[in-house]
Structure formats: structure tokens, C-alpha cells
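>>> Whatever this is, show me its structure:
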Amino acid sequence: MSINDLTSLLLGQTKQVLLQHGSLFNSQLNVIPIPYFGRIETAKVVTIGLNPSDGELKIGRWPTSLTASQIHERLTVYFENPEITPHSWFSTWEQALSSIGASYYDGSAAHLDLCPWPARTPKSYEDPQPFIDLIDQYLPEFSKCLELAKDVKIFILAGTVTKKFYMPKYLKRNLHRVSFGFDGDPQGSGEGHFTMHRIKTFRGNIPAAFCSVSLAQGQISICRLKGFLKTQISCRLILLNFVIASNKTH
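Modelled structure (predicted):
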């Protein structure tokens, strides 16, 4: 399945998603699926979050009517669009990516979310279960999008799926919903802790660095993640491969 086909499939499910999960969305916004940000098929580094912010769809940022092809084109050049500034959520991630020589803005990095739907922030729900149900339901589509990252050398994950699960623990509990494997101890302790994992795709085992707190929340120093990425032996090897691959393309 191509990424345009996946976007088309998701767009066709919009009405059903709103009927089934309408309480999770801002009724004043024109909801569309956002399965990725940036040049996902050629990125060397892929960051992974929970779901797109509904602030991405605030009035004026997106047209009210879009085809799947238009969504695909808009998301592919998301960080290159001179008319619309990327969501502020990405600014702290961009700082962290600089430590391993990657950037959303030159196409060496891109972003995926576990769920493609820009629902309201999980903190706004009294009962998080309906939100978890939405994430669960769309993990298979996340898995398909993950497989489209053909050149990825490292994944970087951050944050929790509600307060109950850090992202690695959530993925380990839901491997029956996806086509990839996930290795490594999901346990960790302390605010802003880091762990290393592997995401096993049909292309091989890809290193995955995890930070327990979303950088966008400003709860940990960007410098701590930079230091973690630079000092991990595995990340050093990935950086070396990344530089070699980049040199071959120029």
C-alpha cells in the first residue's frame, strides 16, 4: 500500500470516526486524518508521538475541503511550506534532532503518530478509555505507515498513552494489533528517563530511543535528550551510517 492509498483509506473513514468517536473531537474544526508529517518515505530519523494536535486544524491553517492527494502533498512538504508555519510542537523536537545531525526541514527527519486523528488532548477527558479505544483501533494503520519509512535508521519515541502507559509498554501490550515487533525492557523510572529498544520490521531491526516525557511539554531539558542520543553507542553507529548514506546521495 502506498502512502497516498493509506491517506485515501483514512479520509474515507472520517465520517465513521466522527460518528463513533465524536466526543473526542472539537466540533468546530474540520477533521481530517494526518498520518504523518514530512518526507516519511526517505527520512533517516523518524520521531513518534501519540496523535496530531487539534491545534493543527485551527481555522486558516488548512482548506475546508481536501482530496487524499492534496492531503498527501501538503503533509509531504509540511516543513517546506513557506506560507504555513509548522506547529510549535515540533520546535523542541527539532532542537533534539540537531544532536544527531538530522532535521525535519531538510527532509532527513519526519514524524509519525500512533493515531492519525487530531483529537483533543488526553488531559481534557475525565474518562480516558474512549481515547485509548481510538488509539487501539488505528494501530494497524500506524503499522502500515511505519512500513513506509523505507530509509529510517532510528526511531525516537516520547511520552505516554494517557497516564497509565509509557509508549513502549503500550506497544508491547498491543503487538497483536500491528505487523512489527518491539524489543527491549519497557520499564523505566524517574521523570524524563530514557531507554533503548528495537522496532522489528520486514526491513530489519531498527533502533528506537525512548524519552518518558514529551519534549513539547517542556518538562525536561532538551539538553538531556541530546546527551542521551550522543552518548549511546548504538546511536553513534546510526549517526555514522547516516552520515555515510548522506554523503553517497550528494
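
>>> Apart from its neighbours in sequence, what residue is nearest T67?
Once flanking residues are discounted, T67 sits nearest to L11: 7.8 Å by CB to CB, 6 or more residues apart in numbering. Where C-beta positions appear, they are placed from N, C-alpha and C, glycine not excepted.

>>> Can you report how many residues lie near the one you found?
If you count neighbours by other CB atoms under 10 Å, L11 ends up with 20.

>>> Let me know the distance separating it from A109.
Here the criterion is CB to CB, to the nearest Å. By it, L11 lies 25 Å from A109.

>>> can you give me the helices in the chain?
Secondary structure of the chain (DSSP state H): helices at 3-11, 14-21, 68-76, 89-97, 129-137, 139-147, 167-173, 222-231, 233-248.

>>> Return the residues in contact with F182.
F182 makes contact with 168, 171-172, 175, 197-200, 208, according to CB atoms under 8 Å, 6 or more residues apart in numbering.

>>> So which of the residues you listed wins on neighbours?
Ranked by the number of neighbours (other CB under 10 Å), the contacts of F182 place L171 first, at 27 neighbours.

>>> Could you check how far it is from A208?
Separation of L171 from A208 (CB to CB): 9 Å.

>>> now swap in S108 and tell me
S108 sits 17 Å away from A208, going by CB to CB.

>>> One more: S88?
On the measure of CB to CB, S88 and A208 end up 25 Å apart.

>>> can you check F131 too?
Using CB to CB, we find F131 at a distance of 23 Å from A208.

>>> now swap in I48 and tell me
Look at I48 and A208: by CB to CB, they are 8 Å apart.

>>> what residues do those two have in common as contacts?
Where contact means CB under 8 Å, 6+ apart, the residues bridging I48 and A208 through contact with each are 155-157.

>>> which one of those residues is nearest D5?
Of all these, D5 sits closest to F155, with 22.7 Å by CB to CB.

>>> Which strand residues bridge the closest one?
For F155, the beta-bridge assignment (DSSP bridges) gives partners V46, A208.

>>> Tell me the confidence at it?
Turning to F155, the model gives it a pLDDT of 92.

>>> gap between it and P118?
Taken as CB to CB, the spacing of F155 relative to P118 amounts to 22 Å.

>>> try Q95
Here the criterion is CB to CB. By it, Q95 lies 24 Å from P118.

>>> Those two: which has the busier surroundings?
Here Q95 and P118 are compared on neighbour count by other CB under 10 Å; more neighbours surround P118, at 21 against 14.

>>> list the contacts for that one?
For P118, the set of contacting residues under the criterion of CB under 8 Å, 6+ apart consists of 25, 29, 31-32, 34, 51-54, 56-57.

>>> Output those residues as a markdown table; include the columns pLDDT, neighbour count and distance to D185.
Output for the contacts of P118, formatted as a markdown table (pLDDT from 0 to 100; neighbours: other CB atoms under 10 Å; distance: CB to CB, whole Å):
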| residue | pLDDT | neighbour count | distance to D185 |
| --- | --- | --- | --- |
| F25 | 93 | 18 | 35 |
| L29 | 88 | 17 | 39 |
| V31 | 93 | 20 | 37 |
| I32 | 94 | 24 | 37 |
| I34 | 96 | 24 | 31 |
| N51 | 93 | 23 | 25 |
| P52 | 94 | 23 | 29 |
| S53 | 90 | 19 | 30 |
| D54 | 90 | 19 | 33 |
| E56 | 91 | 18 | 33 |
| L57 | 89 | 19 | 37 |
